[in-house]
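Predicted model follows, preceded by the sequence.
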Amino acid sequence: MRLAVSALAVAAVCAACSGESVPIEPATETEEMNMTVDAAELILGTLPEIADALATGATSSADLVNAYTTRIEAVDRSGPTLQSVLAVNPDALSQAEASDARRAAGETLGALDGVPILLKDNIESLDPMPTTAGSTALTENITGRDSPLVAGLRAQGAVILGKTNLSQWANIRSSDSSSGWTSLGGQVKNPHVLNRNPCGSSSGSGAAAAASLAAGTVGTETNGSIICPSNASGIVGFKPTVGVVSQEYIVPISFSQDTAGPMTKSVMGAAMMMNAMDTTEAPTDYVAALDAGSLNGARVGVARFSQGSNPLILERFEAGLSVLEAQGAELIDIEDNEQTPEFWPSARAVLMFELKHTMNEYLASTPEAVTTRSLADLIAYNDANADVELAYFGQDLFEDAESRGPITDQAYLDARDLVQTATRENGIDALMAQYQLDMLVSPSGVIVMEHDYTKGDVWPNEWAGAGSIAAVAGYPHITVPVGTAEGVPLGFSIMSAAGRDADVLSWGYAFEQASNLRADPQYLESVVVSTEVEAEAADAGEEETSE
């Protein structure tokens, strides 16, 4: 399903092997590609810059698609070989040409008309590409239907450029998984340091956005999988309130936690995408709500309980807090938000019950050519194809989910009520009320470690970040770059109460405009680790996962 593109001469890509910075030079203009040098340079910018260039006629959508497909060939499949793009849409160029024709006729559909967007490959589109979740079990899953969020992007004229690689099954198959690995696409690499974990499960969307392989990408999150890869790749990632973006026609995990969200280089770009992706009856104009002065007078709860002890993370977090203070925000330290011992086992139970229910429903809706019609079928398929599907890790989470009863079971209802009460009424809502807060801030995550197939994902014993409470609650959360440590990016997280999506984006925008701390990828082979961190394999029942 990949579009074959001739590899053009791209200078300095081999520098990735030596650990040097890798500037990607514009491709030579040819009649066959009909691509301007301006387009090849332009795609290194942000989504708003690309949209502006289209609006002013400085470039065309067709030139952008050609520039992106050339760069995908040079950076994703050659050179650093990020393996972040699973498939390029064979209809992308024709969609771009249609956009150019609309613009020439003065019939532009919206702010995203002609802007190329990549979708995580658990999101359906009506284009001739399967939606696979990274598994060979779904290679025939060509549904011919748009998920509502894709329909929204398409209604604004966005070009669906292709699908991104991910953590297989959105990182819910095994508690020993390797983030960013699929049997179809291999291992996604971190574009900043190639041997570091890209984090999951929207790893391909994060790496592709950072590496300028699309103007914007769409990821999905159950518990950390927009925020963590955005943190690891040094981009903006926004997880909306659950329900703001419809989850219809997306390979599911949890109806109480799943949401899709934009992943791109700027908050303005994320807001532009949200204007198209919001599927509620009365969508918000997220772009109009952005205010560079919105931090002035805001009361900010500083989640000291989740900042960890790594001095490099603390340094970048304190730098972020200084930005807030300089913009007129009032900081209130919050030292404790300890969960009960029952919380994490209950959080896992909720996901397992809901995984079985939602996966069975989804698979039953797929085309007849898909032979795995239930979670039990998937487990049997993986066992029968273990050399491919179970090559690096097993499927204990699938097996756990299959052992659970229906979502009418009292065990499920009790677990759901426990975790939602703990993160909503007794969690974020309680903190907001007690301290009269507008938002809660924390580091977005850890300094990502090397990825290791033999051990699965490895993380420091002490996690940094409070994203799980926003994920389990279903509340909005944005991460904005706050610099780098050990060669890889770190993010600054802003969370708030349900429905305050526009506010969270605006605060993120104000922070971004005042700080400007996004770092471009360097495509280094590796870096010397300056801190000694004991790591353990991440368990899906522990405090942070990246589903």
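Yes, it's here. Residues are numbered from 1 along each chain as shown.

for residue 44, helix, strand, or coil?
What DSSP: H, G, I helix; E, B strand; the rest coil gives for residue 44 is coil.

How about residue 494?
Put simply, residue 494 is strand when judged by three-state DSSP.

Can you give me the pLDDT of it?
We have a pLDDT of 98 for residue 494.

cool, residue 48 as well?
pLDDT, residue 48: 98.

isn't it right up against residue 267?
No. Residue 48 lies out of contact with residue 267 (Cβ atoms under 8 Å); the separation is 9.7 Å. C-beta here means a position set from N, CA and C on the backbone, and glycine is covered the same way.

Extract the C-alpha set from the helix or strand harbouring residue 69 and format it as CSV.
According to DSSP states H and E, residue 69 maps onto helix 61-71. These are the backbone C-alpha positions of helix 61-71, laid out as CSV (Å, rounded to 0.1, in the frame of the first residue of the first chain):
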residue,chain,number,x,y,z
SER,A,61,-0.9,21.4,-2.6
ALA,A,62,0.4,19.2,-5.3
ASP,A,63,3.9,20.6,-4.7
LEU,A,64,3.6,19.9,-1.0
VAL,A,65,2.5,16.3,-1.5
ASN,A,66,5.4,15.7,-3.9
ALA,A,67,7.8,17.3,-1.4
TYR,A,68,6.5,15.2,1.5
THR,A,69,6.6,11.9,-0.4
THR,A,70,10.1,12.7,-1.5
ARG,A,71,11.1,13.4,2.1
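
Packing partners of it?
helix 37-42, helix 47-56, helix 92-104, strand 116-120, strand 159-164 (3 or more Cβ pairs under 8 Å, 6 or more residues apart in numbering; DSSP states H and E).

ok, then the element right after that helix?
Next along from helix 61-71, by DSSP H and E: strand 85-88.

I'd like the average pLDDT over that following strand.
Mean pLDDT, computed over strand 85-88, is 98.

Return the list of strands paired to that strand, each annotated with direction.
Strand 85-88 sits in its sheet next to strand 159-164 (antiparallel), going by DSSP bridges.

moving C-terminal of the lengthiest helix in the chain, what's the next helix or strand?
If you go by DSSP state H, the chain has its longest helix at helix 343-364. As assigned by DSSP H and E, the chain's next helix or strand after helix 343-364 is helix 375-384.

Contacts made by that next one with the rest, please.
Applying Cβ atoms under 8 Å, 6 or more residues apart in numbering, the contact partners of helix 375-384 are 135, 137, 173, 355-356, 359-360, 363, 371-372, 389-390, 395, 398-399, 401-402.

If we use 10 Å, what do you get?
When contacts are defined by Cβ atoms under 10 Å, 6 or more residues apart in numbering, helix 375-384 is touched by residues 133, 135-138, 168-169, 173-174, 183, 355-360, 362-363, 370-372, 374, 388-390, 394-395, 398-399, 401-402, 404.

give me the low-pLDDT residue ranges for the protein?
Under the criterion pLDDT under 70, the flagged ranges of the chain are 1-37, 529-546.

Go ahead and flag the most central residue of it.
residue 226 (3.3 Å; Cα atoms, centre = their mean).

Please report how far it lies from residue 206.
Counting by Cβ to Cβ, to the nearest Å, the gap from residue 226 to residue 206 is 8 Å.

Could you tell me which residues touch both of those two?
Here residue 226 and residue 206 have 120, 219, 237, 263 as joint contacts, going by Cβ under 10 Å, 6+ apart.

Next, check these against the strands and list the overlap.
Using DSSP state E, the members of those that fall in strands are 120, 219, 237, 263.

in the sheet, who's paired with the last one?
Each beta-bridge partner of residue 263 is listed here, defined by DSSP bridges: residue 217, residue 237.

Could you double-check that it lies in contact with residue 166?
No. The pair residue 263 and residue 166 does not pass the contact test of Cβ atoms under 10 Å, sitting 11.9 Å apart.

got any residues that touch both of the two?
Applying Cβ under 10 Å, 6+ apart, one finds that residue 263 and residue 166 are jointly contacted by 120, 202, 204-206, 219, 229.

Kindly reformat these as a markdown table containing distance to residue 295.
Shown next, in a markdown table, are the shared contacts of residue 263 and residue 166 (distance: Cβ to Cβ, whole Å):
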| residue | distance to residue 295 |
| --- | --- |
| 120 | 31 |
| 202 | 27 |
| 204 | 32 |
| 205 | 28 |
| 206 | 26 |
| 219 | 26 |
| 229 | 26 |
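
tell me which element the residue lying closest to residue 47 once chain neighbours are set aside falls in.
Leaving aside its chain neighbours, residue 47 sits nearest to residue 269 (3.2 Å; criterion: Cβ to Cβ, 6 or more residues apart in numbering). Residue 269 belongs to helix 267-277 when assigned by DSSP H and E.

So which of the helices and strands packed on helix 61-71 is nearest residue 517?
Closest approach to residue 517 among the helices and strands packed on helix 61-71 is made by helix 47-56 (17.8 Å; Cβ to Cβ).

and the angle from the closest one to helix 92-104?
When axes from the mean of the first three to the mean of the last three Cα atoms, to 10 degrees is applied, the directions of helix 47-56 and helix 92-104 differ by 60 degrees.

now for helix 47-56, which elements pack on it?
If you count contacts as 3 or more Cβ pairs under 10 Å, 6 or more residues apart in numbering; DSSP states H and E, helix 47-56 packs onto helix 37-42, helix 61-71, helix 92-104, strand 116-120, strand 216-221, strand 259-264, helix 267-277.

where along the stretch 101-250 of the chain do the helices fall?
Per DSSP state H, counting those that start in this stretch, the stretch 101-250 of the chain carries helices over the ranges 148-155, 203-210, 227-233.
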